[in-house]
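S.K.: Fold the following and give me the result.
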Amino acid sequence: MARVSVGADLHVASPPEDAYHVWNQRYLYPRFLAGVLEVEELDGTWSRWVVERDGERCTLEVETTDNVPRRLVAWRDDGPGRPRTTVRLMGPPAGPTTVSVEVSWHPQHSGPDAVTEADRRLAELEADLHGFREYLKSELGGYVDTLRSLEQLPHTD
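M.R.: Numbers count the residues shown, from 1 in each chain. A predicted model of the protein is given here:
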C-alpha cells in the first residue's frame, strides 16, 4: 500500500537558524512534541524515544535520515506504519521562517479507518506545531504568525 502523508505550516518571525537549532536538538522534543516523554541520543544518527500513544507508553528507535543546517531535519521511527517526519525551514537569514512539517506512513487500516488515522495524525502534527510555537514564545521570545494545515497527500513509494 502507498504511503500517506499529512502536513502543516507554521510561520514564525524567528530566523531559520533559531528554528533549526530547536528542531536539531532532539533532547528538547519532550518540551514541545505532544506524547514525547523522553529522548535519549544514542549517537549522531540514532535516538531512543519514550512516547505515550493512546494511553500506552512505548519505546521507539528513531533514525535521523537527513539534516541540512538551517534548512531541514528528518527522521523515521520503527513504530506502526514506519512513520517518517520531515521538518523544512524556509525563509531569509533574518526571518521570518516558514516551518513546514510533513509526516508520512504506511496506513495500518483501509477505508474509513484510514481517514480516521490520517485525521488523528494531522491533529497530532498540529498539536506539535502549537507546542513548538509556545516553546519559541516562552524560551526564545519568537513571535508566531499563522498555522496552516495541508491536505492529505498520497505517496507512491
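S.K.: In the protein, mark out all the strands, start to finish.
M.R.: Along the chain, the segments classed as strands by DSSP state E run 4-12, 36-41, 46-53, 56-68, 72-77, 84-90, 97-105, 144-149, 153-154.
S.K.: Between those strands, which one is closest to residue 24.
M.R.: Ranking those by proximity to residue 24 (CB to CB) places strand 72-77 first, at 5.6 Å. (Glycine included, C-beta is placed from N, CA and C.)
S.K.: now that closest one, how far from the chain's geometric center?
M.R.: The chain centroid and the centroid of strand 72-77 are separated by 8 Å under CA atoms, centre = their mean, to the nearest Å.
S.K.: Equivalent analysis for stretch 6-13, please.
M.R.: So, by CA atoms, centre = their mean, the centroid of stretch 6-13 is 10 Å from its chain's centroid.
S.K.: Kindly report the same for stretch 79-89.
M.R.: 7 Å.
S.K.: tell me which residues in it are buried?
M.R.: Neighbour-count burial for stretch 79-89 flags 79, 81, 83, 84, 85, 86, 87, 88, 89 (criterion: 16 or more other CB atoms under 10 Å).
S.K.: Could you pull up the residues touching the first one?
M.R.: Just to be clear, that refers to residue 79. 51, 53, 58, 60 (CB atoms under 8 Å, 6 or more residues apart in numbering).
S.K.: Sounds good, over and out.
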